[in-house]
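K.L.:
Take a look and give me a structure for this.
(chains A and B)
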Amino acid sequence: MRMSSMFSRTLREAPAGADCKGYEYLLRAGYIKQMGAGIFSLLPLGFRSITKIQEIVRQEMNRIGGQEILMPLVNPADIWKETGRYYSIDKEMARFKDRVGRDMVLAMTHEEAVTDIARGEIDSYKRLPLTVYQIQTKFRDDPRPRAGLIRVREFTMKDSYSFDRDQAGLEKIYNEHYNAYFRIFSRCGLPCIAVASDSGMMGGKIAHEYMYLSPIGEDTIITCKKCGYTANKQVAAFKKDYYPEDMKEIEKVETPEAKTIESLASYLNIKPEKTCKAVFMVGGFIDDKTGEEKEKLIVALIRGDMEVEENKLQHAARANELRPAHEEEITACKMVPGFASPIGAEGDFICIVDDSVAKSNNLVAGANETGYHFLNTNFGRDFQGTVADIASAKSGYRCPHCGAPLEASKGVEIGNIFQLGTKYSEAMNCYFQDEDGKQKPVIMGCYGIGIGRLLACLAEEYNDENGLKLPIAVAPYQVHLVSLLKDNSIADGIYEELQNEGIEVLYEDRKESAGVKFADADLIGIPIRITLGNRSLKDGNVEVKLRGTGETTNYSIEGLGKQIRQEIAKEQKKMDDAIIEKHL
RNA sequence: CGGGCAGUAGCGCAGGGGCUAGCGCACUUGGUUCGGGACCAAGGGGUCGGCGGUUCAAAUCCGCCUUGCCCGACCA
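P.N.:
Next comes the predicted model:
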């Protein structure tokens, strides 16, 4: 490609609002262009990188037996009504009516679509297992796009779906994806870790997320350096300490002004872990069949020294969504905020009790009377509820496996894998006849990779003060040929030769000053730069500089194509040597 | 959806009731320069986000709307 006729240009200054380095360089180098909030075009450079990433993804998905398909972005709403997600997903999914008034949606994921196809294809166990995948556009009307390609509304995703006759089959293909994802990310050059995760709106039980650890990430990951335990904070477990003692008689005491755990603990001169904190949320419960929505007050009880993890609470309460409760909603159940507990409460509410409370004795809890608390309250005797782990893990807490201190870090989710089970096959009647003659629901898994987000993370990982330096496997071109001569005829010849060698060349043939050419080359960041200028030309040489390391070598113009092919092979080999394989 | 900031040339910004709306970069033409964002000269490009109001007069003041960014809620 000749720079003189390239569609995009570089920018000297970063457009306003480009807050992180990777995003700034992608914009300035002309890889991408913003069109609206969370909506981007890929320009030639960006599109070439994306294409390379997609090709790596294809190879690895094919390697584990995936068959590429392409499902429609526009789905009839009917299939989304079958699973209930037409109702349970809110404004994030774009909806419209077609010309005759049929409800349609822009699919934000494709479980419904793929299950719709599969139920027509899979009738016998002999057809299983199967895995299909696609690389396709998704639209999710995220209320808060940010950080360039990290969090967008329209994006390209690789999503695959597996179909098995039993759990063992699902676990096998799940494990194959687990490893394939490590191969994909390492082939792209992106360091990442897999963490146990929440299944969110996908349903299902076992799930992992692939995280690129970076301060720009929005997810919090809890890790144990000692034993390797990793989990998203939303689901991270930790070892809790209990202080069991014999139950004592409940007793009401005056506690004026003690509205918070700190003030209560200091007033009574006790430790926060001897108190029981009540957190009030309202859960939204949506009927999958009718779409009817109900709300109910949720009282979450947790020991005073811990915080409630809302995601865990939502699961424990089986709610579709949570919001903080209004004061009237609390008082309507005869509880007094600041001095609240379920003791003496009335009305329709759900009580979820963290096991830290359930396994502790003689805690101080609210008396539902302004200025009063109870001493020595005990779960089971004085109040009841559903016991679950709803506590939020944080840095310094102890690892659930080995007890070592946990650490928290930030990460960007670039992929995920879910064991769905039969949620979609049952809802959409995707059954097969097994060897024993019985009809059984197909067991499904789904697996996603955010392609654009992967590029964004790579740009974040590979840059310096001058611009991008993407690895050769994902860089838009392999070689940047920079001619500094007034007359381009020699450079034209080299350009021809390199192309004849099958090398991907970006050719700097513009009439610009040397400074501009070098600055743009650094910004775009093609891994191998060939400089043709008088300095080396007098010896019949060109200068070859690696963007990644700055290492410079002179090569003779004679036979340059072969030399450059070797350089490319060396760069590629470094990446191949770094391919990571991991199995569950 | 709450809170904050902003919208003036392709990009970055200045101007804040008055006469022809500016600057840097980018762009065009001519010339000089030629290995790390060159220089000289001459040019082109704007419904000042939209609609309405106040005024003799609005980019400038007021109202509504809209778009984008940041923080939060949210996020397979």
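K.L.:
Could you list the buried residues of the lengthiest helix in chain A?
P.N.:
Longest helix in chain A, counting residues (DSSP state H): helix A:167-188. Buried residues in helix A:167-188, counting neighbours by 16 or more other CB atoms under 10 Å, are found at A:169-171, A:173-174, A:176-188. For the C-beta atoms, the positions are set from N, CA and C on the backbone; glycine is no exception.
K.L.:
Can you pull the phi/psi pair for the residue lying closest to A:Gln234 once chain neighbours are set aside?
P.N.:
Residue nearest to A:Gln234 in three dimensions, not counting chain neighbours: A:Asn311, with 3.9 Å by CB to CB, 6 or more residues apart in numbering. Main-chain torsions, A:Asn311, degrees, to the nearest 10: phi -60, psi -40.
K.L.:
Run a quick neighbour tally on A:Asn311.
P.N.:
17 (other CB atoms under 10 Å).
K.L.:
Would you confirm that it contacts A:Ala236?
P.N.:
No. In this structure, A:Asn311 is not within contact of A:Ala236 by CB atoms under 8 Å, at 10.1 Å.
K.L.:
Look at A:Gln314 and tell me its secondary structure.
P.N.:
For A:Gln314, the assignment made with DSSP: H, G, I helix; E, B strand; the rest coil gives helix.
K.L.:
which residues does it contact?
P.N.:
Each residue near A:Gln314 by CB atoms under 8 Å, 6 or more residues apart in numbering is listed here: A:Gly283, A:Glu321, A:Leu322.
K.L.:
Apply 10 Å and report the result again.
P.N.:
For A:Gln314, the contact set (CB atoms under 10 Å, 6 or more residues apart in numbering) comprises A:Asp198, A:Gly200, A:Gln234, A:Met281, A:Gly283, A:Gly284, A:Ile298, A:Asn320, A:Glu321, A:Leu322, A:Ile352, A:Ile390.
K.L.:
low-scoring stretches of chain A, by residue?
P.N.:
Scanning chain A for pLDDT under 70 picks out the ranges A:199-204, A:287-292.
K.L.:
Nearest residue to the middle of it?
P.N.:
Closest residue to the average C-alpha location of chain A: A:Glu413 at 2.4 Å, with CA atoms, centre = their mean.
K.L.:
and that one, what are its bridge partners?
P.N.:
A:Met211 (DSSP bridges).
K.L.:
my read: it touches A:Leu213, true?
P.N.:
No. Using CB atoms under 10 Å, A:Glu413 makes no contact with A:Leu213, being 11.1 Å away.
K.L.:
list residues touching both of the two?
P.N.:
Here A:Glu413 and A:Leu213 share the contacting residues A:Cys192, A:Asp219, A:Ile221, A:Cys457, scored by CB under 10 Å, 6+ apart.
K.L.:
Cross these against helices and list the overlap.
P.N.:
Applying DSSP H to those, the entries found in helices are A:Cys457.
K.L.:
From the shared contacts of A:Glu413 and A:Leu213, list the buried ones, please.
P.N.:
With burial judged by 16+ other CB under 10 Å, the buried subset of those is A:Cys192, A:Asp219, A:Ile221, A:Cys457.
K.L.:
The second one touches A:Thr230, doesn't it?
P.N.:
No. With contact defined as CB under 10 Å, A:Asp219 does not reach A:Thr230; the gap is 11.6 Å.
K.L.:
so what sits against both of these two?
P.N.:
A:Val195, A:Ser197, A:Glu209, A:Met211, A:Ser409, A:Gly411.
K.L.:
Please tabulate the residues you listed in TSV, including the columns secondary structure.
P.N.:
Shown next, in TSV, are the shared contacts of A:Asp219 and A:Thr230 (three-state DSSP):
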residue	secondary structure
A:Val195	strand
A:Ser197	coil
A:Glu209	strand
A:Met211	strand
A:Ser409	strand
A:Gly411	strand
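K.L.:
can you list these in a markdown table and add neighbour count and distance to A:Glu497?
P.N.:
Putting these into a markdown table (neighbours: other CB atoms under 10 Å; distance: CB to CB, whole Å) gives the following:
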| residue | neighbour count | distance to A:Glu497 |
| --- | --- | --- |
| A:Val195 | 24 | 48 |
| A:Ser197 | 24 | 50 |
| A:Glu209 | 28 | 46 |
| A:Met211 | 28 | 44 |
| A:Ser409 | 18 | 48 |
| A:Gly411 | 25 | 44 |
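K.L.:
Taking these together, which two end up most distant?
P.N.:
Within these, A:Ser197 and A:Ser409 form the most distant pair, 14.9 Å apart (CB to CB).
K.L.:
returning to that earlier point: turn the shared contacts of A:Glu413 and A:Leu213 into CSV, including distance to A:Ala258.
P.N.:
Below are the shared contacts of A:Glu413 and A:Leu213 laid out as CSV (distance: CB to CB, whole Å):
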residue, distance to A:Ala258
A:Cys192, 46
A:Asp219, 36
A:Ile221, 36
A:Cys457, 47
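K.L.:
what's the farthest-apart pair in the shared contacts of A:Glu413 and A:Leu213?
P.N.:
Put simply, by CB to CB the two of these set farthest apart are A:Ile221 and A:Cys457, 14.4 Å from each other.
K.L.:
which residues sit in contact with A:Arg63?
P.N.:
Neighbour list for A:Arg63: A:Glu176, A:Asn179, A:Ala180, A:Arg183, A:Ile184 [criterion: CB under 10 Å, 6+ apart].
K.L.:
Please name the nearest non-neighbouring residue to the fourth one.
P.N.:
Computed as CB to CB, 6+ apart, the closest residue to A:Arg183 that is not its neighbour in sequence is A:Glu60, at 5.2 Å.
K.L.:
isn't that neighbour right next to A:His177, touching?
P.N.:
Yes. Assessed by CB under 10 Å, A:Glu60 is found in contact with A:His177 at 9.4 Å.
K.L.:
Which neighbours do the two have in common?
P.N.:
Residues touching both A:Glu60 and A:His177 comprise A:Gly66, A:Ile184, A:Ile449, with contact defined as CB under 10 Å, 6+ apart.
K.L.:
The second one and A:Leu43: what is the separation?
P.N.:
Which is A:Ile184. 24 Å (CB to CB, to the nearest Å).
K.L.:
try the last one
P.N.:
Taken as CB to CB, the spacing of A:Ile449 relative to A:Leu43 amounts to 22 Å.
K.L.:
Between these two, point out the one with more neighbours.
P.N.:
Applying other CB under 10 Å to A:Ile449 and A:Leu43 shows that A:Ile449 carries more neighbours, namely 28 against 20.
K.L.:
Please report how far that one lies from A:Met157.
P.N.:
Distance of A:Ile449 to A:Met157, computed by CB to CB: 7 Å.
K.L.:
so what sits against both of those two?
P.N.:
Counting by CB under 10 Å, 6+ apart, the shared contacts of A:Ile449 and A:Met157 are A:Ile135, A:Gly415.
K.L.:
Break chain A into its domains for me.
P.N.:
A:19-236+A:408-460, A:251-388, A:477-577 (automatic domain parsing).
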